[in-house]
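K.L.:
starting from these lines, generate the structure:
(2 chains)
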2 protein chains.
Amino acid sequence: MFAQITVIAPGLLGSSVAQAARARGLARRIVIWARRAEVREQIAAQAWCDAAPASRAEAVSGAALVVIAAPVTQIVPLVREIAPSLPPRPALSPFPSGALVTDVGSVKAEICRGAHEALAVASSGGGSGEAGAAGGRGQREGRAHFVGAHPMAGSEKTGWEHGQADLFEGRTCFVTPLAEAGPEATSEAVANANEAVAQFWRALGSRVVRVAPEEHDEIVAHISHLPQALASTLCAALGRQHPDWPQYAGAGLRDTTRIAGSDPQLWRTIFEQNREAVLRALDTYAAELREFRDALARRDYAAVAATLAKGQDTRRHLLA
Amino acid sequence: MFAQITVIAPGLLGSSVAQAARARGLARRIVIWARRAEVREQIAAQAWCDAAPASRAEAVSGAALVVIAAPVTQIVPLVREIAPSLPPRPALSPFPSGALVTDVGSVKAEICRGAHEALAVASSGGGSGEAGAAGGRGQREGRAHFVGAHPMAGSEKTGWEHGQADLFEGRTCFVTPLAEAGPEATSEAVANANEAVAQFWRALGSRVVRVAPEEHDEIVAHISHLPQALASTLCAALGRQHPDWPQYAGAGLRDTTRIAGSDPQLWRTIFEQNREAVLRALDTYAAELREFRDALARRDYAAVAATLAKGQDTRRHLLA
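P.N.:
This next block holds a predicted model:
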């Protein structure tokens, strides 16, 4: 239980976090900050929102936990901006010192490094602007901690109005602590922060998987970003054919390409931030596809069937 | 309305045809032939089956319409085998002369050519075995006609027990008349046969699309066989990674790979029969994927976003 959870920049995932937290009684008070005034107004009227102030500093000033739900490129800048306003001793939190900050970004290495630095700078008084007022507190005294998270519960839909309280139930949520541990005292605080954030995502109904940010990025390059690339390029390739053709398709093509309906700008930044791991995944995949194509070209139907059987096996046992 | 419809070798699609025909009152009598005795016994007990004889000749001898629901490699051999037993003047049929034969195979060029020849041979008395008895009737007198069909209503499930009466509702069904027309009288009979088979599939609830067999094969290479190849090779590639990884995946990967659960032996024969068109589709696709990969490699994020947007556009407008 947190005295206050603040969700920054809620889309589908952020509003789902707020709804799930309310449904499961995880916060006394839920505060939302959205950039646009009309969105703040609409959200303020929801049962899962207690306040939606225009000021980001005001929104986070009482928060024991802040969830940054913005697109990946905006997460670190937002952490930097809220850092000076985070309370050094938030009321009622499972984490004994400082505020916790987490996110829902699809890539983690760059974000976790950047957010960690942003909070370190703020806590050492090196921040600018508002940071001066809150700066100067030592690491052992109420320093805020960032622990990245990535719930595997997106959708091709976007927008806070599509959020659902049960979105995270039974779904994987990666929690990605930074590997580097500081001095002993900090290290214990870090361990506590990591555990508190993992507990939060578990409390929302997720199955938490803890991995280092880099490992997370390698995994999702294969299980999320690669399928997105295939669905999008398949649709792009079909778009070059006669416009009637896709309309003849059965459920197979529809399912295979559902995620191609996702927001291109959002995915562009995901591919950008996870470029190297995605390139590795694409190259591994292209080799597999090439092998299949070549087997078909040389009429090696046993090899064609073997690939199909291997695919069926993975689908059955690993994706059941 | 047909006096008798016979379904040969029913799996998911064949039993769905029988169930839909019964539900929509398209046949007075529905006869099923299955290879295995235990399947015949089980099917004979279904409300959508009036008889399930062990003899194929007996099963088709009173049929105004025969639906061959076997896997693609078995369709032409089965047409050849039933040809001599097809009735020259079946009772109660929208087609005035001879029996109609259709199928549900996923490829059409080879099957339509082969089945047409098999019936032509039988009607000219050139068949072997049982053919002697029925042979010798002229083309204008009760000759059976094959008109290929392919309902886009499969599933990764197989087996007659998964059939559904509403499987074809609102789904595309390709009907693929052979382009070659014979002498004038035959030509009119051919036109009538084509129309009667198209009407049958419409009566089952399908949206019928009439194309030549070769065009059909080119279309499905892109909208059905290519997605199958991508889903299977994606799963095969993921199968090389850590076995935990796919289990972390969200709904995106699950949807994208659903059809990878399909029967490998069934699909092996589809790829075999449609090899050239599938190779063309694979090569077009591989070029699109390569372009995407290269754009990402050279950090051309505008090009990355453009492909994603093109994919989204196709998905939205053509696959809505």
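K.L.:
hey, let's count contacts and neighbours off CA atoms from now on
P.N.:
Noted.
K.L.:
and residue A:308, what pLDDT?
P.N.:
As predicted, residue A:308 sits at a pLDDT of 98.
K.L.:
same question, residue A:182
P.N.:
For residue A:182, pLDDT reads 61.
K.L.:
swap in the one 4 residues further on?
P.N.:
Looking at residue A:186, its pLDDT stands at 71.
K.L.:
quick check: closest non-adjacent residue to the closest residue to chain B within the stretch 51-200 of chain A.
P.N.:
Going by C-alpha to the nearest C-alpha, chain B is nearest to residue A:152 of the stretch 51-200 of chain A, at 5.0 Å. The shortest distance from residue A:152 to any non-neighbouring residue, by C-alpha to C-alpha, 6 or more residues apart in numbering or on different chains, is to residue B:250 (5.0 Å).
K.L.:
got the residues of the stretch 101-250 of chain A near chain B?
P.N.:
A:152-155, A:171-172, A:219, A:222-224, A:227-239, A:243-250 (C-alpha under 8 Å from any C-alpha of the partner chain).
K.L.:
give me the subset of those residues that lies in strands.
P.N.:
In strands, judged by DSSP state E, the following of these are found: residue A:172.
K.L.:
pull out the buried residues from the residues of the stretch 101-250 of chain A next to chain B.
P.N.:
Neighbour-count burial (16 or more other C-alpha atoms under 10 Å in any protein chain shown) applied to these gives A:152-155, A:171-172, A:219, A:222-224, A:227-239, A:245-250.
K.L.:
coming back round to it: is it true that the residue nearest to residue A:152 touches residue A:170?
P.N.:
No. Residue B:250 lies out of contact with residue A:170 (C-alpha atoms under 8 Å); the separation is 10.2 Å.
K.L.:
just the ones of the residues of the stretch 101-250 of chain A next to chain B in helices?
P.N.:
Members of these lying in helices (criterion: DSSP state H): A:219, A:227-238.
K.L.:
in a markdown table, list the residues you listed along with pLDDT.
P.N.:
A markdown table is the format used below for these (pLDDT from 0 to 100):
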| residue | pLDDT |
| --- | --- |
| A:219 | 98 |
| A:227 | 97 |
| A:228 | 98 |
| A:229 | 98 |
| A:230 | 98 |
| A:231 | 98 |
| A:232 | 98 |
| A:233 | 98 |
| A:234 | 98 |
| A:235 | 98 |
| A:236 | 98 |
| A:237 | 97 |
| A:238 | 97 |
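K.L.:
tell me the contacts of residue A:34?
P.N.:
Neighbouring residues of residue A:34 by C-alpha atoms under 8 Å, 6 or more residues apart in numbering or on different chains: A:8-10, A:40, A:52, A:54.
K.L.:
in TSV: those residues, plus secondary structure.
P.N.:
Below are these laid out as TSV (DSSP: H, G, I helix; E, B strand; the rest coil):
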residue	secondary structure
A:8	strand
A:9	coil
A:10	coil
A:40	helix
A:52	coil
A:54	coil
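K.L.:
export these to TSV and tack on distance to chain B and pLDDT?
P.N.:
As requested, the contacts of residue A:34 are exported to TSV (distance: C-alpha to the nearest C-alpha, whole Å; pLDDT from 0 to 100):
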residue	distance to chain B	pLDDT
A:8	23	98
A:9	22	97
A:10	20	96
A:40	29	98
A:52	30	98
A:54	32	98
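K.L.:
list the contacts of residue A:67.
P.N.:
A:5-8, A:14, A:101-104.
K.L.:
now do 6 Å
P.N.:
For residue A:67, the contacting residues are A:7, A:101-103, by C-alpha atoms under 6 Å, 6 or more residues apart in numbering or on different chains.
K.L.:
show me those residues that map onto strands.
P.N.:
A:7, A:101-103.
K.L.:
out of those residues, which are buried?
P.N.:
Here, 16+ other C-alpha under 10 Å leaves A:7, A:101-103 buried among these.
K.L.:
turn the contacts of residue A:34 into JSON lines, columns for neighbour count.
P.N.:
Formatted as JSON lines, these follow (neighbours: other C-alpha atoms under 10 Å in any protein chain shown):
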{"residue": "A:8", "neighbour count": "27"}
{"residue": "A:9", "neighbour count": "24"}
{"residue": "A:10", "neighbour count": "27"}
{"residue": "A:40", "neighbour count": "20"}
{"residue": "A:52", "neighbour count": "25"}
{"residue": "A:54", "neighbour count": "16"}
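K.L.:
which residue packs closest to residue A:154, ignoring adjacent ones?
P.N.:
residue A:13 (7.0 Å).
K.L.:
ok, and what's touching stretch A:306-320?
P.N.:
So stretch A:306-320 is in contact with B:232, B:235-236, B:239, B:246-247, B:260-261, B:264, going by C-alpha under 6 Å, 6+ apart.
K.L.:
I'd like those residues as a markdown table, with distance to chain A appended.
P.N.:
Output for the contacts of stretch A:306-320, formatted as a markdown table (distance: C-alpha to the nearest C-alpha, whole Å):
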| residue | distance to chain A |
| --- | --- |
| B:232 | 5 |
| B:235 | 4 |
| B:236 | 4 |
| B:239 | 5 |
| B:246 | 6 |
| B:247 | 6 |
| B:260 | 5 |
| B:261 | 5 |
| B:264 | 5 |
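K.L.:
quick check: the farthest pair among those residues?
P.N.:
Farthest-apart pair in these is B:247 and B:264; separation 22.2 Å (C-alpha to C-alpha).
K.L.:
orientation of the helix or strand harbouring residue A:290 relative to helix A:226-238 in degrees?
P.N.:
Using DSSP states H and E, residue A:290 sits in helix A:275-297. Put simply, helix A:275-297 runs at 60 degrees to helix A:226-238, going by axes from the mean of the first three to the mean of the last three C-alpha atoms, to 10 degrees.
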